[in-house]
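Asker: 3D, please:
(2 chains)
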Amino acid sequence: MELTLKKRKKNSIIPGFPLTLGYTMLYLSIIVLLPLSMVFFNTVSMSWSEFYETVSHPRAVASYKLSLGTAAAAGVINVIFGTIIAWVLVRYQFPGKRIVDGLVDLPFALPTAVAGIALTTLYAPNGWIGQFFDFKISFTPLGIIIALTFIGLPFVVRTVQPVLQNLSSEVEEASASLGASRFQTFTKVIFPELLPAIITGFSLAFARALGEYGSVVFIAGNMPMKTEITPFIIMTKLEQYDYVGATAIATVMLVTSFVLLFIINLIQWVTNKKFNQQ
Amino acid sequence: MTKPIELKNEASITNSHTSSKSYALQESAFIKWTLITISLLFLTLFLILPLISIFVTALEKGWDTYVASITHPDALAAIKLTLTVVLIVVPLNAIFGIAAAWLITKFSFKGKNFLITLIDLPFAVSPVIAGLVFILLFGAQGLFGDWLFEHDIKIVFALPGIILSTIFVTFPFIARELIPLMQMQGITEEEASISLGASGLKTFFLVTLPNIKWGLLYGLILCNARAIGEFGAVSVVSGHIRGLTNTMPLHIEILYNEYQFTAAFSVASLMSILAIITIIVKNIIEWKAKDV
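Answerer: Numbering: from 1, shown residues only, chains lettered A, B, ... in the order given. Got it, this is the predicted structure:
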């Protein structure tokens, strides 16, 4: 009884509920929901065997493996180095720190195509960095991992950084005064606090990497069965006007992404619950 | 070369600091500088060198070639198209972001969390799919394909398609910045303003907007950067018609694929300058927002 009264009072004072609700739902439906539902409508109108044949084609399966594998590898690299960078930015003072801090956002600000051509030339066999390696980096899965690492880095740094900043020094002091070494304090006290943020950062970077196209398409070389990512398969099918095939592959990607989004939300929900309890 | 020196440093530091009590609270200088070195090395390989290489390659054949590349009619047309797209997309997403944030933070209603998830949805969708969905709607074989053909309206492979897919990709940016901010600020100030007799619009412009201006600007900047640089989605719906439906990133792709590297990197350098400006403005906003 009290709850409904409070709710009604809340809703009655501030105006704009019908307007903002109507506008939000309209815009959301036209821009996102209606277009996305097209993928599922078109898939449903396909016969099962047609759908299955397209999505289980060896080239498509090879691309799933490549996309998942390279996205996971880039995510792991970013978790390791992103956490170190976040730590260095929060805990240490050194010359040029502010510039370094700003630079971390570069992958958010730089167009993916620009990043793509720059990384490709840099890591090509005759490039500034590529020339120091005996093996090829650009035009191999290794190159894809490099592009995805570039894209995903800020996701990890920017999720870990604020958590590290808000960590109270008292816990660390308590741990130290109870006789823990610095290493023990890190692994047993600090790291568990950072873990939810690290997992969220990984998932965000991973989700972005799965769908990434612009930075990868240049460095990948796009050889069938070898360096073809899933978004590129969709692109190829579109260029051949094979809309049915493109839609089938898109369904696989969308379902994968939505499952991932669901997991991310679940992690955030569990973490929030944990924090609220404290 | 540097490794033995660092090791030596560690030895001398451990000797002089063994009795220090801060040791349990802070890492040794050796670990500190190792971590800083790792960070800087990583950032150099992945961020700094790529950025520098763009400018070096762009200016490789001299200033005149550089200027010729960025003032080429196709390049100018691409710049103009990108600006047009951004000028339409960013305000539309800003209005939506404000409306959605107002709805979500000022009222309590069922399904709010679900709505927030829906707003985030475009982040989980590959840009290529963001382009594909509009082909499925407005393409020749799409849902509205026949109707559009009869009425001679072009959406796909034309400006409207580029705008729609860019809106899709940048959809959550502004709403996402505003929702947590307005949630934190609560509704007491707006309630006070309304109960003192101010209208809803007046309350928004005089009470809410000053409170959220930095968050809004922050969202605008991020949305703007992504709208300028969007590649995958636009690539699907543009049709790559030179001088007509080529945005700046698409123009770079064409030049690069034609082995006109200097020209490609020249246009890329312009976009890199925009990215650097974006980062600087973003930092100023963060700094200002902290002051308030």
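Asker: CA atoms for contacts and neighbours, from now on please.
Answerer: Fine.
Asker: Show me where the stretch 151-292 of chain B dips below the pLDDT cut-off.
Answerer: Low-confidence segments of the stretch 151-292 of chain B (pLDDT under 70): B:242-243, B:292.
Asker: What residues does it have near chain A?
Answerer: For the stretch 151-292 of chain B, the contact set with chain A under CA under 8 Å from any CA of the partner chain comprises B:164, B:167-168, B:190-191, B:194-195, B:200, B:222, B:225-226, B:228-232, B:236, B:249, B:252-253, B:256, B:265, B:268, B:271-272, B:275-276, B:278-280, B:283.
Asker: Among these, name the buried ones.
Answerer: The neighbour count (16 or more other CA atoms under 10 Å in any protein chain shown) marks B:164, B:167-168, B:190-191, B:194, B:222, B:225-226, B:228-232, B:236, B:249, B:252-253, B:256, B:265, B:268, B:271-272, B:275-276, B:278-279, B:283 as buried among those.
Asker: Now, the residues of the stretch 151-292 of chain B next to chain A that are in helices?
Answerer: Of these, the ones assigned to helices by DSSP state H are B:164, B:167-168, B:190-191, B:194-195, B:200, B:222, B:225-226, B:228-229, B:232, B:236, B:249, B:252-253, B:256, B:265, B:268, B:271-272, B:275-276, B:278-280, B:283.
Asker: same for the helix or strand encompassing A:L89, what does it pack against?
Answerer: Element membership of A:L89, judged by DSSP states H and E, is helix A:58-91. For helix A:58-91, the packing partners by 3 or more CA pairs under 8 Å, 6 or more residues apart in numbering or on different chains; DSSP states H and E come out as helix A:141-166, helix A:191-211, helix A:230-239, helix B:29-43.
Asker: Stretch B:246-263: which residues count as buried?
Answerer: Neighbour-count burial for stretch B:246-263 flags B:246-253, B:255-256, B:261-263 (criterion: 16+ other CA under 10 Å).
Asker: May I have stretch B:252-265 as PDB, with CA atoms only?
Answerer: Below are the C-alpha coordinates for stretch B:252-265, written out as PDB (Å, rounded to 0.1, in the frame of the first residue of the first chain):
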ATOM      1  CA  ILE B 252      40.700   5.400 -47.000                       C
ATOM      2  CA  GLU B 253      39.800   1.800 -47.700                       C
ATOM      3  CA  ILE B 254      39.500   2.400 -51.500                       C
ATOM      4  CA  LEU B 255      42.800   4.300 -51.600                       C
ATOM      5  CA  TYR B 256      44.600   1.600 -49.600                       C
ATOM      6  CA  ASN B 257      43.200  -1.200 -51.700                       C
ATOM      7  CA  GLU B 258      44.500   0.600 -54.800                       C
ATOM      8  CA  TYR B 259      47.900   0.800 -53.300                       C
ATOM      9  CA  GLN B 260      47.800   4.600 -53.000                       C
ATOM     10  CA  PHE B 261      49.300   4.300 -49.500                       C
ATOM     11  CA  THR B 262      50.400   8.000 -49.200                       C
ATOM     12  CA  ALA B 263      47.000   9.200 -50.100                       C
ATOM     13  CA  ALA B 264      45.300   6.700 -47.800                       C
ATOM     14  CA  PHE B 265      47.500   7.700 -44.900                       C
END
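Asker: Pull the residues that contact that stretch.
Answerer: By CA atoms under 8 Å, 6 or more residues apart in numbering or on different chains, the surrounding residues in contact with stretch B:252-265 are A:113-114, A:117, B:54-55, B:57-61, B:65-66, B:69-70, B:251, B:267-268.
Asker: Recalculate using a threshold of 6 Å.
Answerer: With contacts defined as CA atoms under 6 Å, 6 or more residues apart in numbering or on different chains, stretch B:252-265 is touched by B:54, B:58, B:69.
Asker: Which one of these sits in the busiest neighbourhood?
Answerer: Within the contacts of stretch B:252-265, neighbour counts (other CA atoms under 10 Å in any protein chain shown) peak at B:I54, which reaches 27 neighbours.
Asker: residues from the stretch 1-150 of chain A in reach of chain B?
Answerer: A:11, A:15, A:20, A:24, A:35-36, A:85, A:109-111, A:113-114, A:118-119 (CA under 6 Å from any CA of the partner chain).
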